[in-house]
Every structure is written in structure tokens, then in C-alpha cells.
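>>> Sequence isn't available, so here's the structure alone:
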């Protein structure tokens with residue numbers, strides 16, 4: 001989705017959306033969310049989803065400053081200066097391995113496997129794989145982070161960069177439990 005698309009779909013004024021993500025008004029409203037992740041330091045699509053949900057409920061307002069799903073960012077971390085251009089390495093989306101197979105080397109990238117939706121739709125809960133992180137599950141499956149953490153019985157300060165495999169080995173939350181929670185959420189929303 002673009003900034004304009006989010007604004008129109010959720011009835012949020014563009015100016016409010018710019019404040020929410022911490023972007024300069026010079027960023028074109030036709031800019032896609034995934035591109036904004038590269039242009040606006042600290043901006044992540046999953047946090048925008050949470051902010052869009054918080055806005056109509058009054059849990060976040062533009063006068064609070066930039067929105068971060070883990071809390072509103074303090075004013076001193078918000079910059080009015082345009083972001084410095086940075087080199088961003090874009091990962092190549094290769095098929096994710098099945099839970100019982102961990103690749104030993106890099107492949108050719110031509111095999112069949114999990115393909116992430118390119119049309120903005122969400123990845124089904126049953127497609128969650130062991131190599132995915134909690135953040136990727138939130139982003140790809142379009143599930144609220146607070147819901148996911150609460151349903152899995154995880155602390156709010158859990159490392160969202162933990163992979164599903166690490167979540168199972170370090171905390172004892174199995175991949176199937178994550179799949180079940182995501183599937184329940186997707187059925188309800």
C-alpha cells in the first residue's frame with residue numbers, strides 16, 4: 001500500500017499519517033510502505049498497522065508525536081531533519097525451509113516453496129516457518145503484535161527478532177502454537 005492508500009482505506013488524513021511514521025512532507029504520498037521502511041529511519045510496516053488501529057480508538061493522536069508500536073517515541077528521538085541517505089541491503093526472498101530441513105548452503109533461488117504475497121494480502125497462519133522471526137510473523141501474517149504476545153503468553157519485552165526455532169528452543173513456545181494463534185486471529189479479523 002501507499003501512503004495515499006492507507007489514508008483512504010482507513011480514513012486517516014495524510015498529515016496525520018506523516019506524523020505517525022515520522023516522515024517529512026516532501027515524501028510523495030504515492031510512496032509504498034515497503035519503500036518508506038528504507039526512507040524513514042525506524043519506520044516499520046507492522047508498526048504502521050498498529051498505529052492505524054490505535055488512531056480511531058484514541059490511543060494515539062498526532063500531538064503525541066511519532067508512533068511506535070512499543071510506545072510513542074520520545075520527542076528527542078524524532079528529527080525534523082530529512083533522513084540521511086543510507087545503503088540498505090534488500091534481502092532476496094528465497095523459499096523458506098520446512099521445519100525439518102535447515103539448508104546447509106545457499107541455493108540457486110529457483111526452487112518452489114513459500115512465496116510471500118505480493119498484493120498486500122496476508123500470509124496464512126499455517127505458512128509460518130521456523131526461520132521466520134516474530135516481527136516477520138506480525139508483518140507477513142498481518143496480526144497485531146500485542147495479540148500475538150498475549151495469546152502466546154510472552155512478555156511485552158520479548159525480543160521480536162527471535163526466530164520461531166529460537167522461540168521454541170529458548171522459551172518453549174512451539175511453532176504450531178504460533179500457527180494456531182495466527183490462524184485464530186485471521187479467522188476473527
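Perfect, thanks for sending it. Please read all numbers here as calculations on a predicted model, not as lab measurements. Numbers count the residues shown, from 1 in each chain.

>>> and the one residue sitting closest to the centre of the chain, which of the three is it?
The residue lying closest to the centre of the chain (Cα atoms, centre = their mean) is residue 46, at 2.7 Å. The three-state assignment at residue 46 reads helix, by DSSP: H, G, I helix; E, B strand; the rest coil.

>>> just checking, residue 18 touches residue 28?
No - counting by Cβ atoms under 8 Å, residue 18 sits too far from residue 28 to count as a contact (11.3 Å). Heads up, the C-betas are built off the backbone N, CA and C, glycines and all.

>>> what's the neighbour count on the closest residue to residue 68 other than its chain neighbours?
With sequence-adjacent residues excluded and distances taken as Cβ to Cβ, 6 or more residues apart in numbering, residue 68 is closest to residue 47, at 5.9 Å. Other residues within reach of residue 47, judged by other Cβ atoms under 10 Å, total 22.

>>> quick one: low-confidence ranges for the chain?
Applying pLDDT under 70 to the chain flags residues 69-120.

>>> quick one: which of residue 18 and residue 28 has more around it?
The residue with more neighbours, out of residue 18 and residue 28 and counting by other Cβ under 10 Å, is residue 18; that gives 20 against 10.

>>> Would you confirm that the more buried one belongs to a helix?
Yes - when the secondary structure is assigned by three-state DSSP, residue 18 falls within a helix.

>>> Give me the distance between it and residue 4.
From residue 18 over to residue 4 the distance is 12 Å, taken as Cβ to Cβ, to the nearest Å.

>>> I'd like to check which residues are in contact with residue 2.
The neighbours of residue 2, taking Cβ atoms under 8 Å, 6 or more residues apart in numbering as the test, are 29-33.

>>> Turn those into TSV, including secondary structure, neighbour count and distance to residue 160.
As requested, these are arranged in TSV below (DSSP: H, G, I helix; E, B strand; the rest coil; neighbours: other Cβ atoms under 10 Å; distance: Cβ to Cβ, whole Å):
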residue	secondary structure	neighbour count	distance to residue 160
29	coil	14	29
30	coil	10	29
31	coil	16	25
32	strand	13	23
33	helix	18	18
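
>>> Please identify which of these is nearest to residue 68.
Lowest distance from residue 68 to the contacts of residue 2 (Cβ to Cβ) belongs to residue 33, with 15.7 Å.

>>> ok, now how distant is the spatially closest residue to residue 132 that is not a sequence neighbour from residue 179?
In space, and not counting its chain neighbours, residue 132 is closest to residue 164: 5.5 Å by Cβ to Cβ, 6+ apart. Plainly put, residue 164 is 9 Å away from residue 179 if you go by Cβ to Cβ.
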